Every structure is written in C-alpha cells, then in structure tokens.
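Enquirer: show me the folded form of this:
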Amino acid sequence: CEWFIDRFRVCVDRMDIADATELANRRGKRRKNDRNDARDIAERLAQGECPLGWNADESLAQFRKLGRHWHCLSRTMSRAKHSMRSILLAANIAGPKLNGASAQKWLLAHGYLLKEVQRESFSNFLDIISLLERQRECWKRKIIAANRRPEFAVLVQLLQSVPGIAEIWACIIAAEIGNFARFPNADTLQFWAGLTPNNQESAGRTQSGHITKAGNATLRWALGKAAVTLCGSDARQEVIRQRLIRRIGKPKANVAMARRLLGILFAMARDGTTYQGQQPTGRERWANQARLRKHRKETAMTCPLDFQARSLVDVWWNTNDVNSRRNTPA
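Expert: Below you'll find the model as predicted:
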C-alpha cells in the first residue's frame with residue numbers, strides 16, 4: 001500500500017490505516033476475501049468502531065528504509081559467508097576470517113588447497129562480500145547523517161546512552177518505533193514488536209509458545225543484537241542472561257533479553273533519562289583490548305614502516321623497563 005499512500009496523501013486531508021490484527025480479533029471466524037473485508041471496514045468506519053493503526057509520516061518512512069536496507073545487506077553478507085564457510089569445511093580447511101581483506105590474502109596465498117571449482121566459487125563469494133562491505137560503508141554514512149537530523153537527534157542520542165546501541169541500532173530502533181508516547185505501557189510496545197510469547201489456552205490450561213513475530217523483523221533483529229552486546233557491558237544484565245540460559249537455553253534467553261531491553265528503552269523514552277548500568281565486566285575489558293589490537297594491526301597494514309618503528313621503540317622501552325626492575329634492589 002506504499003504506492004497508494006504516496007499517490008493519494010496529497011489529495012486528502014487525512015489518511016488512516018486500519019489495524020488488521022484488531023480487525024481480525026473483532027471479526028471472528030468467517031470467510032475472508034477482499035469484498036467481505038471492504039464491507040466490514042466500511043461498516044465499522046460508518047459506526048466509528050474501526051480500529052486504526054499508526055501511519056508514519058514521509059520523513060520517518062524514509063528513515064525506516066535506511067535501517068531496513070542495512071538489514072537486507074547484512075543478511076546477504078551472512079549468507080555469502082555461510083557459503084564460504086561451507087566450502088572450507090568441505091575441504092577440511094580452517095580458513096581465514098571471512099572479511100574482504102583477510103579472505104583475499106588467504107585466497108592468494110593458500111588458494112591452491114582448494115579444487116578448481118571450489119576456488120572459483122570461493123572467489124565469487126569473496127567478490128560479493130567485498131562489494132557489500134563497500135555498500136555498507138556508504139550506507140553507514142547515510143545513516144549517521146540521518147541520525148543528526150533535528151527530528152531524530154534527541155531520541156537517537158537517548159538510545160545511544162545504552163552500551164551496545166550505536167548509530168546503526170539507534171537508527172533502526174528510533175525509525176521502527178517512532179513516537180514512544182503512542183504506547184500506554186511497555187507491555188503494549190513489546191506485543192507490537194512481536195516479542196511476547198503466543199499463549200495457547202485449552203481446557204483451562206495455558207501453554208506458552210514461540211513469540212508472535214507480529215511486528216517488524218528488522219526491529220527484533222536490532223534489539224537482539226543490541227541486547228547481547230549490552231550483556232557484555234552491564235554485569236547485572238549478564239547475570240540475568242546467564243540465569244535464563246541455564247533455565248531455557250541460549251536462543252530463548254537472547255529473545256527474552258531483547259524483550260527486556262525494549263522495556264528499558266520505553267522507560268528511558270517515557271522519563272527522558274539516560275541508561276544507568278553497572279560496572280563493565282571482564283568481557284568488555286577484553287573486547288576493548290581486542291579492538292585496540294585490531295586497530296594496531298590495521299595501522300600496520302596501512303603504514304608498515306611507521307608501525308615497525310613504533311614497535312621497535314616499544315620493545316626497547318619494555319626491555320629497559322625490565323632491566324631497571326631487575327637492577328632495583330628489593
């Protein structure tokens with residue numbers, strides 16, 4: 001219906017969207033077709049009883065497309081990497097880290113370990129990943145520029161106060177949810193996002209099933225990624241996650257943490273307060289050290305002579321420091 005909204009929005013003073021889920025609940029079981037649905041909506045509109053959904057404005061709709069396209073690029077890259085990993089496993093080869101630079105170096109140095117067809121397939125997937133990395137880098141700059149727009153900047157900055165939510169996740173969450181004030185409570189927001197369990201009732205017994213997945217998949221994907229990252233930065237959230245893992249398993253625990261994170265974000269937006277967490281865990285300190293090592297390695301690749309000079313200085317400094325400690329009396 002996007003083309004319909006774009007074409008006729010300027011022709012009318014007001015345009016509403018019916019809430020299909022609530023209509024189905026009120027309608028009950030009957031034969032469903034376009035004619036019956038149109039008659040039912042017209043009758044409910046005439047009586048003032050038609051449940052209406054939320055229609056995003058033009059700027060927010062374009063903001064949403066940024067995050068959804070990023071999700072599409074990420075899924076395509078994940079599929080390409082899975083195919084490359086399958087090729088390596090079929091040849092019983094550990095292989096490199098599957099990004100553009102590392103995989104390209106490995107293919108040039110150790111491509112002879114693969115057969116001709118496997119090598120060509122690996123090279124094709126590598127071209128796809130290199131292209132996607134360039135596209136994602138360009139798209140990331142567009143997302144950062146959109147996050148700085150006045151109508152989104154305040155909410156994006158509030159979301160970024162949560163460890164694990166950076167530019168990409170903040171863009172997706174802010175664009176998909178929009179105005180948090182349209183939800184009366186956190187439970188309604190979690191149900192709208194499709195993160196609540198689908199309970200089955202029969203003969204007075206209630207059985208909790210899988211999540212409903214009623215909302216947008218991109219929002220659930222971003223919340224899941226951000227929740228796992230948050231657990232590595234907040235000791236309290238990690239304790240809760242580990243307790244859930246022991247009880248219900250890792251996949252369900254991650255979904256539960258995503259639902260919990262959405263409730264936290266709702267409270268932050270409602271009260272206008274930033275995130276207040278506990279001290280970082282050992283995982284976060286280890287991750288910071290890993291990022292520092294990665295930055296040094298990338299610097300060595302771009303400026304090898306300068307990196308070697310600084311490395312020699314570090315070795316000389318550490319050697320002198322050790323010798324001075326040895327010569328110092330206890």
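Enquirer: now stretch 249-260: mean pLDDT?
Expert: For stretch 249-260, mean pLDDT is 95.
Enquirer: return the set of buried residues in that stretch.
Expert: Neighbour counts using 16 or more other CB atoms under 10 Å place A253, N254, V255, A256, M257, A258, R259, R260 of stretch 249-260 among the buried residues. Yep, even glycine has a C-beta here, placed from its N, CA and C like the rest.
Enquirer: confirm for me that the second one is in contact with A227.
Expert: I take that to be N254. Yes. N254 lies in contact with A227 (CB atoms under 8 Å); the separation is 6.6 Å.
Enquirer: which residue ranges form the strands in the stretch 201-330 of the chain?
Expert: 205-211 (DSSP state E, counting those that start in this stretch).
Enquirer: on that earlier part again, which single one of the buried residues of stretch 249-260 is nearest to E49?
Expert: R259 (31.2 Å; CB to CB).
Enquirer: now do the contacts for the residue nearest to A56 when sequence neighbours are not counted.
Expert: Nearest non-adjacent residue to A56, counting by CB to CB, 6 or more residues apart in numbering: G178, 6.0 Å away. Going by CB atoms under 8 Å, 6 or more residues apart in numbering, G178 touches W54, A56, L60.
Enquirer: so how far is L98 from the last one?
Expert: Right, L60. With distances taken as CB to CB, to the nearest Å, L60 is found 35 Å from L98.
Enquirer: between those two, who's got more neighbours?
Expert: Per other CB atoms under 10 Å, whichever of L60 and L98 has more neighbours is L98, with 20 against 16.
Enquirer: which residue ranges of the stretch 1-150 of the chain form helices?
Expert: 2-8, 20-27, 34-47, 58-90, 100-110, 116-147, 150-159 (DSSP state H, counting those that start in this stretch).
Enquirer: how far is the longest one from where the chain is centred?
Expert: Read it as helix 58-90. Distance of helix 58-90 from its chain centroid, counting by CA atoms, centre = their mean, to the nearest Å, is 11 Å.
Enquirer: show me what counts as buried in it.
Expert: Neighbour-count burial for helix 58-90 flags 60, 63-64, 66-71, 73-74, 77, 80-81, 84, 87-88 (criterion: 16+ other CB under 10 Å).
Enquirer: how about the third one?
Expert: For helix 34-47, the neighbour count (16+ other CB under 10 Å) marks D40, R44 as buried.
Enquirer: tell me which residues touch the spatially closest residue to Q200 that is not a sequence neighbour, please.
Expert: Of all residues not flanking Q200 in the chain, Q207 sits nearest, at 4.8 Å (CB to CB, 6+ apart). Contact partners of Q207, counting by CB under 8 Å, 6+ apart, are N199, Q200, E201.
Enquirer: okay if I get these as a markdown table plus distance to A38?
Expert: Output for these, formatted as a markdown table (distance: CB to CB, whole Å):
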| residue | distance to A38 |
| --- | --- |
| N199 | 32 |
| Q200 | 32 |
| E201 | 32 |
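Enquirer: so which of those comes closest to G232?
Expert: N199 (31.4 Å).
Enquirer: what's the distance between the residue nearest in space to the middle of the chain and A193?
Expert: Centroid-nearest residue in the chain, with CA atoms, centre = their mean: A222, separated by 2.4 Å. Distance, A222 to A193, using CB to CB: 10 Å.
Enquirer: who touches both of those two?
Expert: Between them, A222 and A193 share no contacting residue, judged by CB under 8 Å, 6+ apart.
Enquirer: poorly predicted segments of the stretch 151-300 of the chain, please.
Expert: Regions of the stretch 151-300 of the chain meeting the criterion pLDDT under 70 cover residues 278-285, 287-288, 291, 295, 298-300.
Enquirer: which stretches of it form helices?
Expert: According to DSSP H, counting those that start in this stretch, the stretch 151-300 of the chain carries its helices in the segments 167-177, 186-192, 217-231, 235-248, 250-271, 282-302.
Enquirer: any chance of the ones you listed in CSV, with distance to F122 too?
Expert: What follows is the helices of the stretch 151-300 of the chain, written out as CSV (distance: least, CB to CB, whole Å):
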stretch, distance to F122
helix 167-177, 28
helix 186-192, 42
helix 217-231, 27
helix 235-248, 35
helix 250-271, 30
helix 282-302, 22
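Enquirer: deepest of those, which one?
Expert: Highest mean neighbour count among the helices of the stretch 151-300 of the chain (mean count of other CB atoms under 10 Å): helix 167-177, with a mean of 24.
Enquirer: roughly how far out does it sit from the chain middle?
Expert: 9 Å.
Enquirer: got it, and stretch 221-236?
Expert: 10 Å.
Enquirer: ditto for stretch 271-279
Expert: How far stretch 271-279 lies from its chain's middle: 20 Å, per CA atoms, centre = their mean.
Enquirer: need the phi and psi values for T196.
Expert: Note on T196: its backbone torsions stand at phi -90, psi 150 [degrees, to the nearest 10].
Enquirer: how about it, what does it touch?
Expert: Listed by CB under 8 Å, 6+ apart, the contact set of T196 reads D187, Q190, I211, T212, R259.
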